[in-house]
Each structure stands twice: as structure tokens, then as C-alpha cells.
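Undergrad: Provide a 3D model corresponding to the input given below.
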Amino acid sequence: MVLLYPTNIKNQKQHKQKIKGLEYRVTTLEFGSFGLRALETGRLTSKQIEAARQAISRKIKKKGKLWIRIFPQLAVSSKPNEVRMGKGKGAFSFWVCPIKAGKILYEIKGLSIAVAKEALYAGASKLPINTQMVSLL
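TA: Numbering: from 1, shown residues only. I've put the predicted structure just below:
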């Protein structure tokens, strides 16, 4: 399992972001004819993104093409259990991607509507947020 993470980072320990409002940048299909859109805000870890990608790839086989429109670029740190207060922020734990409502997560192209719907629903079942299938057709 290949996990996504940035290769070069300036500051590893970042502030926790508040995810408010609607997405206004990545809201339309650019590459494919079918896509998976987020209906609510949340944070997706690199493991969740990869699990959904594998589920979609398993359904489309080698017929279609898949684009991942999200990337985990926010580092989350955590301290171990039963550690006293102070002594810094804690060690890096995992990478997340902040998601706003309306963002396109995945796009696929070159498939029939039935296969695309089945593949995107398989990927959506791996994600902790509510999603919706969108299409150009």
C-alpha cells in the first residue's frame, strides 16, 4: 500500500485548520466524465484516500482512467497517552487533506454509466464523509 505524503515540507508541525464554508476552486469536472463530490466538510487521511483509490481501481480494472484530485498536505501530530502537559507539541502522526463541501475528490473517464456508478460507490464506501456522484452527461 503506497501512502501519499509530501516529499519536501518547510515546517512539519502545522496548526490545526478550521474547515468552514464551501469549496470554490475544485468544484467542476476537468479531466473525466464522472466524478465523486464531497457533500460535507471533514479531513481525509492518506490511508482513506488510498483505500478509496484501490476500491475504484478494482472496479474499473484497465478499461478507464482515474484521477485523484486531492492530496494530503497537512501533518497531524499527537502525543502518547499518559504524558504530562508541556514539553512541546508531540511527534508527527499522519497526513490529512482538509475537505470542504462541494470539492471533487476523484474523476474517472472511459466507462459506461453503470460501471462508473458502481466504481464510485465502492470508493465512497471507504470514505468517512458523505459524497455524491456527478457526471457531464
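Undergrad: going forward, measure contacts and count neighbours with C-alpha atoms only.
TA: OK.
Undergrad: who's in contact with V134?
TA: The contact partners of V134, taken as Cα atoms under 8 Å, 6 or more residues apart in numbering, are 34-37.
Undergrad: in strands, which of those appear?
TA: Those of the contacts of V134 mapping onto strands are 34-37, per DSSP state E.
Undergrad: mind picking the two most distant members of those residues?
TA: F34 and R37 (9.9 Å; Cα to Cα).
Undergrad: returning to that earlier point: as TSV, the ones in strands among the contacts of V134 with distance to S78 would be great.
TA: TSV is the format used below for these (distance: Cα to Cα, whole Å):
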residue	distance to S78
F34	37
G35	33
L36	31
R37	30
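Undergrad: name the member of the residues you listed with the most neighbours.
TA: Neighbour tally across these (other Cα atoms under 10 Å): the maximum, 27 neighbours, falls on G35.
Undergrad: done for today, thanks.
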